[in-house]
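S.K.: output the structure for:
(one chain, ligands or ions: 2)
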Amino acid sequence: MLDRLREIVQEVNSAKDLQSALDVIVSRVRAAMTTQVCSVYLLDTDISCHVLMASEGLRKESVGHVSLQLDEGLVGLVARNAEPVNLVDAQSHPNYHYLSETGEEQFSSFLGVPIIHHRKVLGVLVVQHQEKRSFDAGEEAFLITLSAQLAGVIAAAEATGAIQGTSPSGQRRSDTCFDGISGASGVAIGTAAVVFLQADLNLIPVRQADDIETEIADFNIALEAVREDIRQLSASVGHQLRPEERELFEVYLRMLDDDALGREVIELIRQGHWAQGALAEVAIDHVKSFEQMKDPYLRERAADIKDLCSRVLFYLQESEAATPREYPDNTILVGEELAPSMLMEVPREKLVGIISVKGSGNSHVAILARTMGIPTVMGAVDLPYRKLDGRLLIVDGYNGTVYSNPSEQLMVRYREVIKEEEQLVRGLEVLINLPCITPDDHRVRLWVNTGLMSDVVRSLDHGAEGIGLFRTEVPFLLSERFPSEDEQAAIYREQLQAFAPKKVTMRTLDVGGDKALPYFPIEEANPFLGWRGIRVTLDHPEIFIAQARAMLRASEGLNNLQIMLPMVSNLQEVHSAIQIIKRAFRELQEEGLEVMMPPIGVMIELPAAVYLTRALCQIVDFVSVGSNDLTQYLLAVDRNNPRVADLYSSFHPAVLYALQQVVDGAHAEGKQVSICGEMAGDPGAAILLMAMGFDILSMNASTLLRVKAVIRAMTLETAKSVLADVMQMTDAQSIRRCVDLALYNAGVDRLLRSSR
Ligand code: PEP
Ligand code: MG
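M.R.: Ligands and ions are numbered 1, 2, ... in the order given. The predicted structure is shown next:
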């Protein structure tokens, strides 16, 4: 049974569209279960019906033409309860609804199972039999297992249809909505530009060729380059191989022949596809069919095809890299997993929105997008992003949704939202030069988080009073190798100089987790529990000392530097790091530089560090809470995983208790405590943090004025009473509601929509 299951799933997987996938399902399942009928009914939300989409055994003419209302028939019963229905005599069931067009009156027994994807019932898979017999437990289990495995494929095929503007039963569809998670607030309307990692055949987007003859010529050049590589390889190592192994080279060359793969690719290019897309499609098709072969020798050839085609792709991309990509005005950047460097490739004035299929609201790409103020949706897992290139999209970063095929009405509505947002931002500008002070005279310091030089300019424009977190890994992520000490010093100097005499807190390199440097790969099963932050730099003192020297050199004459250590879990790490910084300091003094020893602080990001706050404060000058990681580690919720994104909340009471403990611990030791996680930029959270006693809130420049507006509207006394109330509550949702109500009462709730 398992083998049969695997075969069916594989075959359905390689179907080219929804209809072919459904046709394969009904014919294979009917054969595997030796029943007389197998049918698939899919929910078409545009007409609110379950439509008979495919069938083996019912009258062919009825397929695509008959449908049942949502609650109608046994199909409706299965869908409503999201449970199987197994009947010996279907016609005697009160829910039985006779569909005369199908000819189903001859079939007595009925087994229907729901097709469920991400908790939504997409439709129902049904088998029927003439003879009055009950389907046994094994058959029921088989159909349930199969349906669970097929749900993802059906959802993906449906989504592709939706992107092209059709519902499952072929209705015209507009305003197709795909759910994700809010990454950065705001709304954008623009044209999708799909980007992808190089040399991965599975990620190449579907795109039209600009010039068919040029695409063919480029493809032929790439093909010839690979042939040449193989000939050279054969010549250099061929004599060490046995004749049958040498033959493999001949096989490869034949595969690349003009009559084989090459011909198919060129045919697709002639139909209008660009060369990379045509190559990927042909390759994926062949790989799938080889993988399904029974003969193990032939099955292994799938890997050869993948390898050969990836080589051709490499050459194609190399020639493409010579001509940089033109991005459309109002680009919405779309990718499976976006890297910071991909964001940087689009000219800033053209980039209006971002969509990432993977990742969540606290992934580092989302943080970067927020810093840049670009509306972003993360974790849009069902989006058939490869088919989106060039399409008009709406990104709703407030609700974490993406719309394709937008109707004129929807566009009008969203244009209004964009206009309102612009007015709100303009209204806040009057606050730039006003102090951040509550009506009862409590002063809160609002600092900013930066990574790029452009953030510095925006931050100063927004009236920031210091940098609470400079993520030094950002320039490392954008570079193609470790930046040298001199290069680093120049980057750090820019930040320090722009802010002087205001303080600039530079965090030492924080890579690992979801921040991989392309030139320093870290492969781990659990990267967030692995080699991250200070653990990496302490193991590589040569990297650490170069960075410490660069920071100190950059601060010469300015003396506004503070150094902060990430991911600290014990005191020994801090002692070792301080030793390295002191060594860098002594070296520079000996070299004649007039540098000052900067204050050193640690980030409180791990539960262990929360408990060690007082001990840590005895050996450092300040602490700063990294609430993004602290929330992740306290709640055991991966900040990148869209599946558990609704469990990730900094309003969880456990997070609030921990924060209060850190503030009290730091103040008991007479040390300053700040917070630089995303929470600080949430206007609702900011009032709780102020009430807890945080000295500094450090956030993205784009949220600074909203937070200032809220603090200027609420007394410390009120904030303290809200905090006292929420500290009695036991769940994040009630706490959020209580805070929202407080903002409403203070008359600043309209700022809420803009907060994440
Ligand atoms: C944090 O964890 O809250 C933090 C500020 O660091 P990062 O988001 O860069 O991990
Ligand atoms: Mg962190």
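
S.K.: how about the CA coordinates for the helix or strand where Asp23 lies, as PDB?
M.R.: With elements taken from DSSP states H and E, the one containing Asp23 is helix 18-33. C-alpha atoms of helix 18-33 as PDB (Å, rounded to 0.1, in the frame of the first residue of the first chain):
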ATOM      1  CA  LEU A  18      -5.100  21.200 -11.600                       C
ATOM      2  CA  GLN A  19      -7.300  19.300 -14.000                       C
ATOM      3  CA  SER A  20      -4.600  16.900 -15.000                       C
ATOM      4  CA  ALA A  21      -3.700  16.400 -11.300                       C
ATOM      5  CA  LEU A  22      -7.400  15.600 -10.500                       C
ATOM      6  CA  ASP A  23      -7.700  13.300 -13.500                       C
ATOM      7  CA  VAL A  24      -4.700  11.300 -12.300                       C
ATOM      8  CA  ILE A  25      -6.100  11.100  -8.800                       C
ATOM      9  CA  VAL A  26      -9.400   9.700  -9.800                       C
ATOM     10  CA  SER A  27      -8.100   7.100 -12.200                       C
ATOM     11  CA  ARG A  28      -5.300   5.900  -9.900                       C
ATOM     12  CA  VAL A  29      -7.300   5.800  -6.800                       C
ATOM     13  CA  ARG A  30     -10.100   3.900  -8.500                       C
ATOM     14  CA  ALA A  31      -7.600   1.300  -9.700                       C
ATOM     15  CA  ALA A  32      -5.800   1.100  -6.300                       C
ATOM     16  CA  MET A  33      -8.900   0.600  -4.300                       C
END
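
S.K.: buried residues in it, which are they?
M.R.: Going by neighbour count (16 or more other CB atoms under 10 Å), the buried part of helix 18-33 is 18-19, 21-30, 32-33. (Glycine included, C-beta is placed from N, CA and C.)

S.K.: what's the domain layout of the protein?
M.R.: 2-163, 176-196+336-424, 201-321, 441-755 (automatic domain parsing).

S.K.: make CSV from these and add distance to ligand 1 to it.
M.R.: Listed next are the domains of the chain as CSV, based on distance: least, CB to the nearest ligand atom, whole Å:
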stretch, distance to ligand 1
domain 2-163, 27
domain 176-196+336-424, 6
domain 201-321, 26
domain 441-755, 3
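
S.K.: looking at those domains, spot the one closest to ligand 2.
M.R.: domain 441-755 (3.8 Å; CB to the ion).

S.K.: close to ligand 2, is the closest one?
M.R.: Yes: if you take CB under 5 Å from the ion as the test, domain 441-755 does meet ligand 2, through 605, 626, 629.

S.K.: am I right that the last one is in a helix?
M.R.: Yes: with DSSP: H, G, I helix; E, B strand; the rest coil as the criterion, Asp629 is part of a helix.

S.K.: quick one: Ser27 and Gly57 touch, right?
M.R.: No: the criterion here is CB atoms under 8 Å, and Ser27 misses it with Gly57 at 9.8 Å.

S.K.: anything in contact with each of those two?
M.R.: Applying CB atoms under 8 Å, 6 or more residues apart in numbering, one finds that Ser27 and Gly57 are jointly contacted by Cys38.

S.K.: quick one: buried residues of whatever helix or strand Glu139 lives in?
M.R.: Assessed by DSSP H and E, Glu139 sits inside helix 137-163. Buried residues in helix 137-163, counting neighbours by 16+ other CB under 10 Å, are found at 139-140, 142-144, 146-147, 150-151, 153-163.

S.K.: stretch 557-571 too?
M.R.: Buried, per 16+ other CB under 10 Å, within stretch 557-571: 558, 560-569, 571.

S.K.: how close does Pro205 get to Ile212?
M.R.: 18 Å (CB to CB, to the nearest Å).

S.K.: who has more neighbours out of the two?
M.R.: Pro205 (22 against 17; other CB atoms under 10 Å).

S.K.: what's the separation between that one and Tyr385?
M.R.: 7 Å.

S.K.: on that earlier part again, of all the buried residues of stretch 557-571, which two lie farthest apart?
M.R.: Spatial extent of the buried residues of stretch 557-571 (CB to CB) is set by the pair Leu558 and Ser569 at 31.9 Å.

S.K.: low-scoring stretches of this structure, by residue?
M.R.: Judged by pLDDT under 70, the chain has its weakly predicted residues at 198-199, 237-242, 244-246, 258, 321-322, 752-756.
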